[in-house]
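Participant: model this:
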Amino acid sequence: MIKKIYILILLNFITAQVITNNSFNTSRSISMAGATVSNPGTVESVFYNPANLSNLSGSSFLIGSTMFYEQENLNYQFAALSFKLDNRNIMAVTVQKLGINASGYSSELSSETSISFSQGFHLRKDRNSNFSIGYNLNYFMLNQGSSAGTVGDGSNGIPGKSMYSFGLDLGFIASLRDKVHLGVFVKNINSPRIGRGSNAQFLPRRLNIGCSYHPTKTLKTNFVYEKLIYSDTNQFRFGVEYEFHKYFILRTGVQMKPNRLGFGFLSPINENMFCAYGLITHPILPLTHSIEFGLNF
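Facilitator: Model prediction:
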């Protein structure tokens with residue numbers, strides 16, 4: 001049984017790499033099952049729609065860690081820093097890393113690292129509506145460890161190698177009276193590839209279209225449609241945020257195809273600091289957990 005689980009995890013990461021093609025990165029996206037593309041104004045926007053950066057009121061810092069499928073060997077960490085240039089422009093720098101380790105070995109079997117520069121700015125803003133655009137410029141690094149070889153100690157194995165690539169993400173968001181928000185996000189719009197020659201692989205491209213409705217200040221509802229470009233894979237997601245108290249915000253969401261359920265919360269420590277936790281189920285594999293800490297200044 002354990003062997004089957006590891007095979008499923010391996011196949012899952014081959015077909016959907018965490019950095020290049022995954023909607024579940026942060027606590028918010030995990031607890032809301034990925035229904036986040038049209039949510040306005042948090043530093044987490046760099047992960048699911050950089051146009052949302054335009055709604056930030058100041059500088060922010062976010063750091064967190066995610067354990068995929070309760071496997072300690074799958075280590076994913078992320079950090080994001082946003083800063084305000086002027087009243088119309090917000091910039092951000094983000095670092096993400098996924099490392100796959102083998103028990104008993106100090107070196108990583110493989111790792112993915114992404115460094116991103118993001119910007120979001122208003123194209124139009126008035127009392128009743130606004131329209132914003134944003135982008136991520138991504139630098140991808142894929143490192144593969146050396147093989148054990150026939151001897152088993154690596155002396156005659158295949159040496160490790162590193163590969164690099166650049167990607168561009170584009171996002172849009174529009175809102176009306178701060179109640180209805182429409183968002184669009186395209187991942188890897190420039191169709192980047194990594195590797196050379198016959199080993200070159202095109203990185204997955206993804207389209208997210210979402211709508212958020214905020215009937216009250218304490219309740220936010222979100223719907224997202226996701227499609228992998230050049231694929232028949234379509235997913236539908238619905239998420240809810242409800243503020244029970246100023247120090248406790250509940251988050252939950254569901255996804256169809258495959259069916260997954262997310263749950264989590266945001267707990268502001270004070271006006272400038274907060275912590276968050278999220279988990280999401282999988283139809284076969286164990287739970288995925290994420291925890292993060294944020295600072296506004």
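
Participant: please, where are all the helices along the protein?
Facilitator: Along the chain, the segments classed as helices by DSSP state H run 2-15, 27-31, 45-48.

Participant: helices or strands up against the second one?
Facilitator: Spelled out, it's helix 27-31. Packing contacts for helix 27-31, counted by 3 or more CB pairs under 8 Å, 6 or more residues apart in numbering; DSSP states H and E, involve strand 248-256, strand 260-268, strand 273-280, strand 288-296. (Glycine included, C-beta is placed from N, CA and C.)

Participant: would CSV of the ones you listed with mean neighbour count, mean pLDDT and distance to residue 159 be doable?
Facilitator: Output for the helices and strands packed on helix 27-31, formatted as CSV (neighbours: other CB atoms under 10 Å; pLDDT from 0 to 100; distance: least, CB to CB, whole Å):
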stretch, mean neighbour count, mean pLDDT, distance to residue 159
strand 248-256, 19, 94, 40
strand 260-268, 19, 94, 39
strand 273-280, 20, 94, 37
strand 288-296, 20, 93, 33
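
Participant: for residue 170, find the nearest of those.
Facilitator: strand 248-256 (23.4 Å; CB to CB).

Participant: the closest one vs strand 260-268, what angle?
Facilitator: Angular relation of strand 248-256 and strand 260-268 on a 0 to 180 degree scale: 160 degrees, by axes from the mean of the first three to the mean of the last three CA atoms, to 10 degrees.

Participant: name the strands paired with strand 248-256 and say parallel or antiparallel.
Facilitator: strand 234-245 (antiparallel), strand 260-268 (antiparallel) (DSSP bridges).

Participant: longest strand anywhere in the protein?
Facilitator: Among all segments of the chain classified by DSSP state E, the strand with the greatest residue count is strand 108-125.

Participant: does residue 163 have beta-bridge partners, and which?
Facilitator: So, taking DSSP bridges as the rule, residue 163 has residue 142 as bridge partners.

Participant: save the strands paired with strand 248-256 as CSV, and put in distance to residue 85 too.
Facilitator: Conversion of the strands paired with strand 248-256 to CSV gives the following (distance: least, CB to CB, whole Å):
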stretch, distance to residue 85
strand 234-245, 28
strand 260-268, 26
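
Participant: quick one, which of those gets closest to residue 57.
Facilitator: strand 260-268 (14.9 Å).

Participant: what sits up against that closest one?
Facilitator: Contacts to strand 260-268, defined as CB atoms under 8 Å, 6 or more residues apart in numbering, come from residues 27-28, 30-34, 239, 246-255, 274-283, 290.

Participant: who does the closest residue in space to residue 248 that isn't next to it in sequence form a beta bridge with?
Facilitator: In this structure, residue 248 finds its nearest non-sequential neighbour in residue 267, 5.8 Å apart by CB to CB, 6 or more residues apart in numbering. Beta-bridge partners recorded for residue 267 (DSSP bridges): residue 275.

Participant: now residue 267: how far from residue 32?
Facilitator: Distance check for residue 267 against residue 32: by CB to CB, to the nearest Å, it reads 16 Å.

Participant: any idea how far apart the tips of stretch 65-73 sit?
Facilitator: In terms of CA to CA, to the nearest Å, the two terminal residues of stretch 65-73 are separated by 13 Å.
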